[in-house]
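Trainee: okay, here's the prediction I keep looking at, along with the sequence it came from:
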Amino acid sequence: MYNIAVIPGDGTGPEVVQEGLKVLKAVAKIYKFDYQVEMFDFGGERYLKNKELVGEKDIEKLKAYSAIYLGAIGHPQVKPGILEQGILLKIRFGLDQYINLRPVKLYNRDFCPLKNKVESDVDFVVVRENSEGLYKGMGEFKNKGTKDELALQLSYNTRKGVERCVRYAFEYTKKRNKKKNLTLCGKTNVLTYAWDLWQRVFDELAKEYSDVTTDYAHVDATTMWFVKNPEWFDVIVTDNMFGDIITDLGAMIQGGMGIAAGGNINPEGVSMFEPIGGSAPKYTGKNVINPLAAICALGMMLEIIGEDAAGQSVEQAVIKVVKNNLKSLGAGKMGHSTTEVGDMVVENLA
Ligand code: IPM
Ligand code: MN
């Protein structure tokens, strides 16, 4: 029996989560597993009502679940940063979800903005460190508001934090069993403290994984290669900030935010799965948003909690719908409504 904490969140979050839960219900029946869901109302509406975000008690409560399924966080009436810090990052840090796993996989070449690239050319995974770096929020102002103001924002990289992330990436590359190549994406030529540590840890661990080949790319060059030669990549490991940036580009080359999913993973604890895109206020309540990213996130969740076959069945059903039924992956352009797309995934489950 799995206990799933569901956070529909803001904007189109509830609409896409509803489709994900529809698919969960159907796939659980086919693969014969039991689950319960419990809804959590974290998000902009609740914050506007009573100023509540996610507290320590909530984090403790979330520790009891098999996994967390999240829609979207972000509200046009709440100042940017408050909900992101107070809900999304609070959960990632509070549950020590130190890996952000973001597959970049093209399901239909017609939806790729790159010329002459086919499905097999865009098929890699970004392992983003998810608990340190610039996201740690360390820094300070000096002489705030004056002409001599200084704003410091520190990148925090511990040996242990880097090592657990890089080790996860090596293990993942081995298990993925494709090219068996792991790329370290960094900026060793300028950020000479952080990336010196990353490079040393990477080189040390590479010796333990003789069956995995390795290379290195600067983050700026990585963005160039995503566009020029995405087929070079198998698994990429990088820090929190660079991972954030390159995975938005990754989402574009796999067909857009409508299909991009991610997992915030604590391999020893509770993980959280989410579509990468935001709350899309302008599409809210119109039944036009693409639910496939949320459905792919559900598939990832199933694989990580141990329902591999069910997870793969969800991904295969999504691939069929993307190949056979949709005109576009963009909101309002799919040729079908949000709920119809969810229904089509259910029909294609094997
Ligand atoms: C993401 C998002 C978040 C991040 C924001 C909303 C805090 O952009 O999940 O990539 O920067 O990690
Ligand atoms: Mn991002």
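Mentor: Nice, thanks for sending it over. Ligands and ions are numbered 1, 2, ... in the order given.
Trainee: quick one, phi psi at the residue of the stretch 1-150 of the chain found nearest ligand 1?
Mentor: Relative to ligand 1, the nearest point of the stretch 1-150 of the chain is Glu84 (3.8 Å; CB to the nearest ligand atom). Just so you know, the C-beta spots here come from the backbone N, C-alpha and C atoms, and that holds for glycine as well. The phi/psi pair for Glu84 (degrees, to the nearest 10) reads phi -60, psi -50.
Trainee: give me the number of residues near Glu60?
Mentor: Glu60 has 10 neighbours, counted by other CB atoms under 10 Å.
Trainee: how close does the nearest residue to Ala260 once chain neighbours are set aside sit to Gly278?
Mentor: With CB to CB, 6 or more residues apart in numbering as the criterion, Ala260 has its nearest non-adjacent residue at 3.6 Å, and that residue is Ala251. Look at Ala251 and Gly278: by CB to CB, to the nearest Å, they are 12 Å apart.
Trainee: what do the two both touch?
Mentor: Met257 (CB atoms under 8 Å, 6 or more residues apart in numbering).
Trainee: residue contacts, Gly13?
Mentor: Applying CB under 8 Å, 6+ apart to Gly13 gives the contacts 7, 43, 70-73, 279.
Trainee: now the stretch 101-250 of the chain against ligand 1: closest residue?
Mentor: For the stretch 101-250 of the chain, the nearest residue to ligand 1 under the criterion CB to the nearest ligand atom is Asp244, separated by 4.5 Å.
Trainee: now do the SS call for that residue.
Mentor: helix (DSSP: H, G, I helix; E, B strand; the rest coil).
Trainee: wait, it sits on Arg128?
Mentor: Yes: between Asp244 and Arg128 there is a contact under CB atoms under 8 Å: 6.9 Å.
Trainee: looking at those two now, which is surrounded by more residues?
Mentor: Using other CB under 10 Å as the criterion, Asp244 and Arg128 rank with Arg128 on top: 27 against 19.
Trainee: for that one, list each beta-bridge partner.
Mentor: Asn100, Thr238 (DSSP bridges).
Trainee: okay but it is in contact with Pro103, surely?
Mentor: No: applying CB under 8 Å, one finds Arg128 not in contact with Pro103, separated by 11.6 Å.
Trainee: how far off centre is stretch 133-145?
Mentor: A distance of 26 Å separates the centroid of the chain from that of stretch 133-145, by CA atoms, centre = their mean, to the nearest Å.
Trainee: quick one, phi/psi of the nearest residue to Gly278 once chain neighbours are set aside?
Mentor: Excluding the flanking residues, the one nearest Gly278 by CB to CB, 6+ apart is Gly74, at 4.9 Å. The phi/psi pair for Gly74 (degrees, to the nearest 10) reads phi 150, psi 130.
Trainee: residue contacts, Gly74?
Mentor: Residues counted as contacts of Gly74 (CB under 8 Å, 6+ apart) are 10-11, 44, 83-84, 278-279, 281.
Trainee: so how far is Asn229 from the most far-flung residue of the chain relative to its centre?
Mentor: Among residues of the chain, the one most distant from the C-alpha centroid is Lys147; the distance is 39.6 Å, by CA atoms, centre = their mean. According to CB to CB, Lys147 and Asn229 sit 46 Å apart.
Trainee: please apply the same query to Thr247.
Mentor: Separation of Thr247 from Asn229 (CB to CB): 18 Å.
Trainee: more neighbours, these two?
Mentor: Set side by side, Thr247 and Asn229 show more neighbours around Thr247, with 23 against 12, by other CB under 10 Å.
Trainee: separation between that one and Phe141?
Mentor: 30 Å.
Trainee: quick one: buried residues of stretch 304-317?
Mentor: If you call a residue buried by 16 or more other CB atoms under 10 Å, then stretch 304-317 has these buried ones: 304-305, 307, 310-311, 313-315, 317.
Trainee: what of stretch 282-291?
Mentor: For stretch 282-291, the neighbour count (16+ other CB under 10 Å) marks 283-284, 288-291 as buried.
Trainee: returning to what we had before: which one's more surrounded, Ala251 and Gly278?
Mentor: Ala251 (22 against 16).
Trainee: that one: which element?
Mentor: For Ala251, the host element (DSSP states H and E) is helix 240-253.
Trainee: give me the neighbour count for the residue in the stretch 251-350 of the chain that ligand 1 sits nearest to.
Mentor: Proximity to ligand 1, evaluated over the stretch 251-350 of the chain using CB to the nearest ligand atom, is greatest for Ile276 at 5.9 Å. Residues lying near Ile276 (other CB under 10 Å) number 21.
Trainee: just checking, it touches Arg102?
Mentor: Yes: contact criterion CB under 8 Å: Ile276 and Arg102 qualify, at 6.9 Å.
Trainee: shared neighbours, these two?
Mentor: Both Ile276 and Arg102 are contacted by 247, 260-262, under the criterion CB under 8 Å, 6+ apart.
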